[in-house]
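>>> generate a structure from the sequence data that follows.
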Amino acid sequence: MAESKSGMTYTIVNKVDQLRPGTSGHTITVKVVNSKKVMQRGRPNGPQMRQMRLAECLVGDETGMIVFTARNDQVDLMKEGNTVILRNAKVDLFKGSMRLAVDRFGQVEVTEPANISVKEDNNLSLIEFELVNVVEG
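Take a look at the predicted model:
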């Protein structure tokens, strides 16, 4: 985050190839390449009637692609071909690969279709990361 003269903070807009594991606060405009529901769980006849839905979506821009994990209402917005703005997105590691996600402090917004030509040969989720503890001494 950066601070303007008025003291208000604003988020720096990123491109996919600038994303790194463990970072957050990203605002990024991407195109949905594909979307696959991976889980739908819940009790429709229970007292809460809440369902948990999860989808893995491949999203990207002209610099690369990454897997976006959509939860609940976000699943409906992530349709193939949609252009979406991910606000306050974070990058997590899942089984050693990067995943982009927007939690309750962020927002997923469908925007006007943009002419984004997704660079499909740079999938950041295919890069395997390993957590290394560094001991100073």
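>>> which of the residues in stretch 63-74 are buried?
Within stretch 63-74, the residues that count as buried by 16 or more other C-beta atoms under 10 Å are G64, M65, I66, V67, F68, T69, A70, R71, Q74. Where you see a C-beta, it was placed from the backbone N, CA and C, and this is true even at glycine.
>>> can you tell me the SS state at the fourth one?
The three-state label given to V67 by DSSP: H, G, I helix; E, B strand; the rest coil is strand.
>>> nearest residue to it in space, please, no chain neighbours.
S125 (4.2 Å; C-beta to C-beta, 6 or more residues apart in numbering).
>>> which one of the buried residues of stretch 63-74 is nearest to E136?
I66 (31.8 Å; C-beta to C-beta).
>>> how close does the closest residue to that closest one other than its chain neighbours sit to T29?
Leaving out its chain neighbours, the residue that sits closest to I66 by C-beta to C-beta, 6+ apart is L124, at 4.6 Å. Distance of L124 to T29, given as C-beta to C-beta, to the nearest Å: 16 Å.
>>> who's more crowded, the two?
L124 (22 against 17; other C-beta atoms under 10 Å).
>>> surely that one and G64 touch.
Yes - between L124 and G64 there is a contact at 5.6 Å, judged by C-beta atoms under 8 Å.
>>> so what's in contact with the two at the same time?
Each of V16, D17 lies in contact with both L124 and G64 under the rule C-beta atoms under 8 Å, 6 or more residues apart in numbering.
>>> can you tell me the centre-most residue of this protein?
Nearest to the mean C-alpha position of the chain, by C-alpha atoms, centre = their mean, lies L100 at 3.1 Å.
>>> contacting residues for that one?
L100 touches L19, H26, I28, V59, I66, V67, F68, T69, L86, A89, K90, V91, counting by C-beta under 8 Å, 6+ apart.
>>> ok, now E128?
Going by C-beta under 8 Å, 6+ apart, the list of residues near E128 reads G96, S97.
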